[in-house]
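**Student:** sequence and predicted model, in that order:
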Amino acid sequence: MSTSSLILIAVILAVVLLAALVTGVVLTRRRRISLTEPEKEPKGGYQADSGVTFATPEKVEHPVVERTEVDGQPGVGDDASVPRDSVKRGFVEVDLPEAASEVEEIEPTAGRLERLRSRLSRSRSTLGQGLLGLLGAGDLDEDSWTDVEDTLLMADLGAATSADIIATLREEIVSRGVRTADEARVLLRDTLVSALHPDMDRSVHALPHSGKPAVVLVVGVNGVGKTTTTGKLARVLVADGRTVLLGAADTFRAAAADQLETWGKRVGAETVRGPEGGDPASVAFESVKKGMDAGVDTVLIDTAGRLHTKTGLMDELGKVKRVVEKQAVVDEVLLVLDATTGQNGLTQARVFAEVVNITGIVLTKLDGTAKGGIVFQVQRELGVPVKLVGLGEGADHLAPFQPEAFVDALLG
Ligand SMILES: Nc1nc2c(ncn2[C@@H]2O[C@H](COP(=O)(O)OP(=O)(O)OP(=O)(O)O)[C@@H](O)[C@H]2O)c(=O)[nH]1
């Protein structure tokens, strides 16, 4: 072999050796990189915007118990990583915070009267169907008009409102030339709607202003549904994204404060209460103070109705109002009346109207009476709009009062 051939072989061997060396170094590096632990997320849970706390997932259990060494380190003959066939971690159930599970879903407030229409069906059968049957029959003689009047009176519209409605119907039947049942229906609808004064302001003044919460007093005699209405109203406000504080100024009955507190818990609102038999005005004062400190939108105060004399009522409600007004304006005084009590409800309304400045009426239990006509009478008597109607014991059975939708429900 020539010298040049020997040199060539030596060069080739040197190149092969160098290539093997470089490959070895690269592989070693790669292994090192793959063995480095990736940076871990800091532990300790993740607080989502929605307020739901997600707990740190449970630790993965390695099957160390099956190994000869149990100190967690791989031993001779062990797999260096978790075997593929080891038990995989499934979904982990986490408990939601207790407070969140108590707060309930609230039905959307829009279109409530429409949705609750069927709850007025008892009123409908008496008033709407009775009148449509009479008017749609064609030419009305005096006896028929007497029947129309009786139907209105039986439905609790009261003598004055009934007389007005009949006068309008008699006049319009002639001037519009009403001949068919459909035309009679349109006329009746127009007449009833206009008797309800659709232009009255029926908004509940419960929104904050001048940097202070709105204050709403809920008044009425016991058993009419004051506490229930206060709770339902809180739900409506919360559903609309408002924050609410409840004041249990009905200190005569501990159960009433308990009842209100339960409503509060259901919507996530705080309830301020005092000792049984304590001063309702001091509870009202404390409620407004706390509401202002907490920066809530609305303070709803449920007052006591267990007052038998006008003087007692005047003293109590007058004091509650005066005390509240030391800190904030009373924006709304809602008088709650039970629609099933008919004339009795009207007598109550008169007494309350003399004692406090009522700004709106809530007519409860309209689902339990065939006399939906009380709505007409109470508005006429007090000159104050019916703002809300109670249509059942259910938590969302409170609807805004809308004359058109109400008359449509009566007429079926
Ligand atoms: N059917 C029906 N029941 C209602 C309605 N509103 C309230 N109630 C029921 O009427 C009853 C009396 O309601 P409360 O809210 O306790 O009445 P209150 O005026 O606060 O009574 P006191 O606390 O004794 O002053 C309860 O059984 C309510 O469920 C309604 O719109 N329809």
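**Tutor:** That came through, no problem.

**Student:** measure Ala405 to Thr243 for me?
**Tutor:** Between Ala405 and Thr243 the distance is 29 Å, computed by Cβ to Cβ, to the nearest Å. Every C-beta, even on glycine, is put in place using the N, C-alpha and C of the backbone.

**Student:** no no, Arg266
**Tutor:** Separation of Arg266 from Thr243 (Cβ to Cβ) stands at 15 Å.

**Student:** one more: Gly223?
**Tutor:** 30 Å.

**Student:** of the two, which one has the most company?
**Tutor:** More crowded of Gly223 and Thr243, by other Cβ atoms under 10 Å: Thr243, with 17 against 12.

**Student:** could you look up the SS state of the closest residue in space to that one that isn't next to it in sequence?
**Tutor:** Once its chain neighbours are removed from consideration, Thr243 has its nearest residue in Val296; the separation is 4.3 Å (Cβ to Cβ, 6 or more residues apart in numbering). In terms of secondary structure, Val296 is coil; the call rests on DSSP: H, G, I helix; E, B strand; the rest coil.

**Student:** give me the element Leu334 is part of.
**Tutor:** Secondary-structure assignment from DSSP states H and E places Leu334 in strand 330-338.

**Student:** which elements pack onto that strand?
**Tutor:** For strand 330-338, the elements it packs on are strand 214-219, helix 226-239, helix 310-324, helix 343-355, strand 360-364, helix 374-382, judged by 3 or more Cβ pairs under 8 Å, 6 or more residues apart in numbering; DSSP states H and E.

**Student:** out of those, which comes closest to Asp302?
**Tutor:** For Asp302, the closest of the helices and strands packed on strand 330-338 is helix 226-239, at 4.3 Å, according to Cβ to Cβ.

**Student:** angle of that closest one against strand 330-338?
**Tutor:** Per axes from the mean of the first three to the mean of the last three Cα atoms, to 10 degrees, the angle that helix 226-239 makes with strand 330-338 is 130 degrees.

**Student:** now helix 226-239: average pLDDT?
**Tutor:** Helix 226-239 shows a mean pLDDT of 94 in the predicted model.

**Student:** go on, stretch 110-126?
**Tutor:** Over the span of stretch 110-126, the pLDDT mean works out to 70.

**Student:** what about Asn357, neighbour count?
**Tutor:** Based on other Cβ under 10 Å, the number of other residues close to Asn357 is 10.

**Student:** let me fix that: Gly383
**Tutor:** Gly383 has 10 neighbours, counted by other Cβ under 10 Å.

**Student:** that one and the ligand, how far apart?
**Tutor:** Look at Gly383 and the ligand: by Cβ to the nearest ligand atom, to the nearest Å, they are 24 Å apart.

**Student:** enumerate the residues of the stretch 151-300 of the chain near the ligand.
**Tutor:** Gly220, Asn222, Gly223, Val224, Gly225, Lys226, Thr227, Thr228, Asp250, Arg253, Ala256 (Cβ under 6 Å from any ligand atom).

**Student:** and the second one, which of the three is it?
**Tutor:** On the three-state scheme (three-state DSSP), Asn222 is labelled coil.

**Student:** spatially nearest residue to it, not counting backbone neighbours?
**Tutor:** The spatial neighbour of Asn222 that comes closest, neighbours along the chain excluded (Cβ to Cβ, 6+ apart), is Gly305 at 4.1 Å.

**Student:** return the helix or strand in this protein with minimum mean pLDDT.
**Tutor:** Sorting the helices and strands of the chain by mean pLDDT, DSSP states H and E puts strand 53-54 at the bottom, at a mean of 19.

**Student:** paired strands for the strand holding Leu334, with orientation please.
**Tutor:** Note on strand 330-338: by DSSP bridges, its sheet partners are strand 214-219 (parallel), strand 360-364 (parallel).

**Student:** now do it: distance to the chain's middle.
**Tutor:** Strand 330-338 sits 19 Å away from the centroid of its parent chain (Cα atoms, centre = their mean, to the nearest Å).

**Student:** give the buried residues for that strand.
**Tutor:** Val330, Asp331, Glu332, Val333, Leu334, Leu335, Val336, Leu337, Asp338 (16 or more other Cβ atoms under 10 Å).

**Student:** one more: stretch 220-237?
**Tutor:** The neighbour-count criterion (16+ other Cβ under 10 Å) identifies 220-221, 224-237 as the buried residues of stretch 220-237.

**Student:** so where is this protein shaky, pLDDT-wise?
**Tutor:** Along the chain, the model assigns pLDDT under 70 to residues 1-2, 22-103, 121-126, 138, 306-308.

**Student:** center of it, which residue is that?
**Tutor:** With distances taken as Cα atoms, centre = their mean, the chain has Arg235 as the residue nearest its mean C-alpha position (2.8 Å).

**Student:** count of neighbours near Leu152?
**Tutor:** Residues within reach of Leu152, counting by other Cβ under 10 Å, total 25.

**Student:** what sits against His205?
**Tutor:** Taking Cβ atoms under 8 Å, 6 or more residues apart in numbering as the contact definition, His205 lies against Ala214, Val216, Asp331, Glu332, Thr359.

**Student:** for the fourth one, list the residues it contacts.
**Tutor:** Remark: with contacts taken as Cβ under 8 Å, 6+ apart, Glu332 is in contact with Val204, His205, Ala206, Ala214, Val215, Val216, Leu217, Thr359, Gly360.

**Student:** next one: the third one
**Tutor:** With contact taken as Cβ under 8 Å, 6+ apart, Asp331 is in contact with His205, Ala206, His209, Ala214, Val215, Val216, Thr359.

**Student:** can you check the first one too?
**Tutor:** Going by Cβ under 8 Å, 6+ apart, Ala214 touches His205, Ala206, Leu207, Pro208, Asp297, Thr298, Val299, Asp331, Glu332.

**Student:** please report the distance of Leu217 from the ligand.
**Tutor:** With distances taken as Cβ to the nearest ligand atom, Leu217 is found 13 Å from the ligand.

**Student:** who is that residue paired with across the strands?
**Tutor:** Ile301, Val333.

**Student:** how close does it get to Arg170?
**Tutor:** Leu217 is 42 Å from Arg170, where distance means Cβ to Cβ.

**Student:** which residue does this structure bring closest to the ligand?
**Tutor:** Taking Cβ to the nearest ligand atom, the ligand has its nearest neighbour within the chain at Gly390, 2.5 Å off.

**Student:** give me the neighbour count for that residue.
**Tutor:** Gly390 is flanked by 27 other residues according to other Cβ under 10 Å.
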